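Q: Need coordinates for the below:
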Amino acid sequence: MAIAVVRGQAPKQTIEKSWESMRIDIPRAPGLGLMLDEIHYDRYNKRFANDGIHEKLSWENVEDEVEAFKKDFIFPEMVCGEKEEKSMFDWLKILPIHGFEQRHFEHSENHHKPFESLARNMRTEQNYKEENKMREENNKIDENNKIDETNIGDENNKVDENNKVNENNKDNGSDTMNVQNENAAVENT
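A: As a prediction, the model looks like this:
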């Protein structure tokens, strides 16, 4: 909720409304990076620590070891997990589709609308680039097809003209032959 308010994707009043009785559509952040920092045994200690059989449970004796374990194992695992999975990054990409609206029932009509709008409207940058690349390739193919159609049309016209000339020559074959023979005779003299 705080991230959405800071990024300007939800108004500040949403934080106040989140304490009211009606639920608000707040997307769950990914679990990677969540850690139970300390287990509290207050109730257990209150009930059993003074019964003479059980000892009090406390982390006071091992605080330094616990901190070293977190720094050596837990935190590096969180960082590596986020680098590989990018779960928080992916979550931040879909954060803008949430309306942060109050709803009375858990399964109200508006419950799935953000995800429906995500399916219809949201495109990742990669999909957008892929669509543009495909569009450019299709445009090139269309241009090439138009050029080919134009060339084929021109070639068909030339073939048609040649066919007409040949047909005319066949029809006038004897006249053409006579003219050619006369021309050859004139050239020889």
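Q: Where do the strands of the chain begin and end?
A: Here the chain has its strands, by DSSP state E, at 23-24, 102-103.
Q: From those strands, pick the one with the highest average neighbour count.
A: strand 23-24 (a mean of 17; mean count of other Cβ atoms under 10 Å). Glycine gets a C-beta too; all of them are placed from N, C-alpha and C.
Q: Show me what that strand is packed against.
A: Strand 23-24 is packed against strand 102-103, with contacts defined by 3 or more Cβ pairs under 8 Å, 6 or more residues apart in numbering; DSSP states H and E.
Q: Can you add mean pLDDT and give the strands of the chain back as JSON lines?
A: JSON lines is the format used below for the strands of the chain (pLDDT from 0 to 100):
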{"stretch": "strand 23-24", "mean pLDDT": "82"}
{"stretch": "strand 102-103", "mean pLDDT": "76"}
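Q: I'd like to know which of the ones you listed is closest to residue 92.
A: strand 23-24 (18.7 Å; Cβ to Cβ).
Q: what pairs with the closest one, and is each one parallel or antiparallel?
A: Sheet pairing of strand 23-24 (DSSP bridges) gives strand 102-103 (antiparallel).
Q: how many neighbours does the closest residue to residue 96 other than its chain neighbours have?
A: Leaving out its chain neighbours, the residue that sits closest to residue 96 by Cβ to Cβ, 6 or more residues apart in numbering is residue 9, at 5.3 Å. If you count neighbours by other Cβ atoms under 10 Å, residue 9 ends up with 16.
Q: show me what contacts residue 9?
A: Residue 9 is in contact with 95-96, 98, 100, counting by Cβ atoms under 8 Å, 6 or more residues apart in numbering.
Q: Columns distance to residue 75 on top of the strands of the chain, output as JSON lines?
A: Shown next, in JSON lines, are the strands of the chain (distance: least, Cβ to Cβ, whole Å):
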{"stretch": "strand 23-24", "distance to residue 75": "31"}
{"stretch": "strand 102-103", "distance to residue 75": "37"}
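Q: and residue 89, which of those strands is closest to it?
A: For these, proximity to residue 89 was assessed by Cβ to Cβ; strand 23-24 is nearest, at 23.7 Å.
Q: Sort out which one of the contacts of residue 9 lies nearest residue 129 for me.
A: For the contacts of residue 9, the nearest to residue 129 is residue 96 (19.5 Å; Cβ to Cβ).
Q: follow-up on the earlier one: go through the strands of the chain and name the closest to residue 4.
A: Closest approach to residue 4 among the strands of the chain is made by strand 23-24 (10.7 Å; Cβ to Cβ).
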